[in-house]
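Student: Predicted model and sequence below, questions to follow.
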Amino acid sequence: MKKVQVAGLLIAVAVLAMAFTTIPTAANPATRFESLNTYLTDRYDIAEGGYNLDGKGISRIESTYSAALVWDAIGYLDARPPIVDLVKMANFTRKVQWTSVGETNERYGGFGSFIAGLVSVETTHKAIALWKIITAQSGIPNLDDVEINETATLLFINKTQTTSGGFSNEIGSSADIVSTYLALDLIVLLASETPWTLDSLLLNKTATIQWILDSSEGDAYKLSPESSTAGVTPSAAALLSLEFLDALPSAMALQSTKNWIMDRQDLDPDITELTGGFEEGILTNDTNLLSTYYALKAMNLLNAMDDVNETVTQFVLNCQSSDGAWANAPGFEVGYVQFIADAMNCLTLLEENHLTVLSVEHPGTPSVPLIDWRLLFVVLFIIAAMIVGLIALRLD
């Protein structure tokens with residue numbers, strides 16, 4: 001073969017290499033929402049209709065609730081057809097409710113985290129919240145044909161009451177004030193769809209009120225009368241529970257509790273990213289998303305959202321992890337689906353437009369390289385081939 005032919009062949013090979021090996025660099029998620037969207041989409045179970053935790057496991061209630069909450073807040077569920085199959089999602093929610101066992105079974109009526117999973121007040125509360133999001137949509141064929149058993153759910157909640165007056169997260173465990181709030185919230189959500197009322201479902205309303213009041217310590221509340229430390233989360237849960245029971249303390253006492261919670265907002269932290277968040281207790285140095293969420297719930301109940309420093313919104317955004325989910329505090333590479341729901345609920349309480357505040361650059365994702373190394377390799381290969389070809393022509 002002549003040298004000129006060799007040169008031509010080398011150049012042709014170089015051009016072909018460029019055509020087949022130069023793959024455009026996929027842009028990393030540029031905004032907070034794109035990062036979150038990628039995270040959730042990777043966890044969608046198209047067969048079951050729910051979302052899983054890790055992109056390969058089974059659908060779970062907490063994952064599906066967080067995803068549905070995001071799509072609803074963004075407005076994607078209003079599209080027709082919506083972004084996900086709501087009938088499948090409703091069927092998944094229905095299937096995690098324990099109704100195939102007898103009414104005497106302690107799990108009867110409750111919702112597990114996954115099909116045949118253990119039940120609790122917390123998972124049941126998330127399942128009902130998910131159900132409310134799904135069934136709030138109209139114009140979806142066959143959605144009305146999917147039903148859960150509200151009466152059975154109330155029977156399960158009824159079993160979690162303790163003789164102390166409080167509710168436990170699981171039947172047989174100790175009562176705590178957060179589970180009490182979640183149980184009362186479930187009763188209020190569902191009782192209107194049954195012949196029962198809140199008063200008729202409580203074993204002893206007076207005992208429940210007194211148990212909550214006995215959990216107070218100074219201006220705040222503890223998880224139970226036996227607990228040792230007051231916190232933002234139990235204080236908010238106590239106020240929300242007493243509101244359900246028409247037993248909120250006097251205006252002066254409410255003001256003291258409000259001030260105690262507001263004093264937990266961290267406005268001068270050692271770490272800038274923590275600014276605006278709430279710590280759980282006095283000098284606990286644990287500014288976190290969950291405490292912030294419950295603090296906002298308390299302020300919303302007391303019509304005191306204007307007292308919250310506006311830096312709280314940036315704190316909520318700072319808790320987004322590098323993988324697109326949310327963590328309980330800023331600076332984490334990996335988040336958890338549970339905290340996505342807490343973040344979305346925080347933004348709702350703050351009356352933020354979810355899409356607007358999330359349509360900013362996500363600082364946790366790496367920036368796109370200015371030069372794709374694969375393209376650089378091909379360019380250098382072409383240059384080398386042309387040099388060899390030119391030398392070959394000169395020698396021919």
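Tutor: Nice, I can see it. Numbering: from 1, shown residues only.
Student: Alpha carbons of the strand or helix carrying residue 212, as PDB, please.
Tutor: Assigning secondary structure by DSSP states H and E places residue 212 in helix 205-214. Extracted C-alpha coordinates of helix 205-214, given in PDB (Å, rounded to 0.1, in the frame of the first residue of the first chain):
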ATOM      1  CA  LYS A 205     -60.800  12.500  76.600                       C
ATOM      2  CA  THR A 206     -60.000  14.000  80.000                       C
ATOM      3  CA  ALA A 207     -57.200  11.600  80.600                       C
ATOM      4  CA  THR A 208     -55.700  12.300  77.200                       C
ATOM      5  CA  ILE A 209     -55.700  16.100  77.900                       C
ATOM      6  CA  GLN A 210     -54.200  15.600  81.300                       C
ATOM      7  CA  TRP A 211     -51.500  13.300  80.000                       C
ATOM      8  CA  ILE A 212     -50.500  16.000  77.500                       C
ATOM      9  CA  LEU A 213     -50.500  18.700  80.200                       C
ATOM     10  CA  ASP A 214     -48.400  16.400  82.500                       C
END
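Student: buried stuff in that helix?
Tutor: 205, 207, 208, 209, 211, 212, 214 (16 or more other CB atoms under 10 Å). In short, each C-beta sits where N, CA and C put it, glycine included.
Student: Take those and write them to TSV, including pLDDT and distance to residue 362.
Tutor: Below are the buried residues of helix 205-214 laid out as TSV (pLDDT from 0 to 100; distance: CB to CB, whole Å):
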residue	pLDDT	distance to residue 362
205	96	48
207	97	49
208	98	44
209	98	45
211	98	44
212	98	41
214	98	45
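Student: wait, which of those is closest to residue 47?
Tutor: Minimum separation from residue 47 among the buried residues of helix 205-214 (CB to CB) is found for residue 208, which lies at 42.7 Å.
Student: CA-only coordinates of stretch 303-317, as CSV, when you get a sec.
Tutor: This file holds the C-alpha atoms of stretch 303-317, laid out as CSV (Å, rounded to 0.1, in the frame of the first residue of the first chain):
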residue,chain,number,x,y,z
ASN,A,303,-50.8,32.5,63.6
ALA,A,304,-47.2,33.6,64.3
MET,A,305,-45.4,32.8,61.0
ASP,A,306,-44.4,36.5,60.7
ASP,A,307,-42.3,36.0,63.8
VAL,A,308,-40.1,33.4,62.0
ASN,A,309,-36.9,34.9,60.5
GLU,A,310,-37.1,34.6,56.7
THR,A,311,-33.6,32.9,56.6
VAL,A,312,-35.5,29.6,57.5
THR,A,313,-36.3,29.1,53.8
GLN,A,314,-32.6,29.1,52.8
PHE,A,315,-32.0,26.6,55.7
VAL,A,316,-34.6,24.3,54.3
LEU,A,317,-32.9,24.5,50.9
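Student: Could I get the average pLDDT for it?
Tutor: Average pLDDT, stretch 303-317: 98.
Student: Stretch 358-369 now?
Tutor: 75.
Student: Got the confidence number for residue 194?
Tutor: Reported pLDDT for residue 194: 84.
Student: measure it to residue 202 for me?
Tutor: 14 Å (CB to CB, to the nearest Å).
Student: Throw the buried residues of helix 205-214 into TSV and include distance to residue 187, thanks.
Tutor: What follows is the buried residues of helix 205-214, written out as TSV (distance: CB to CB, whole Å):
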residue	distance to residue 187
205	11
207	16
208	11
209	15
211	16
212	15
214	21
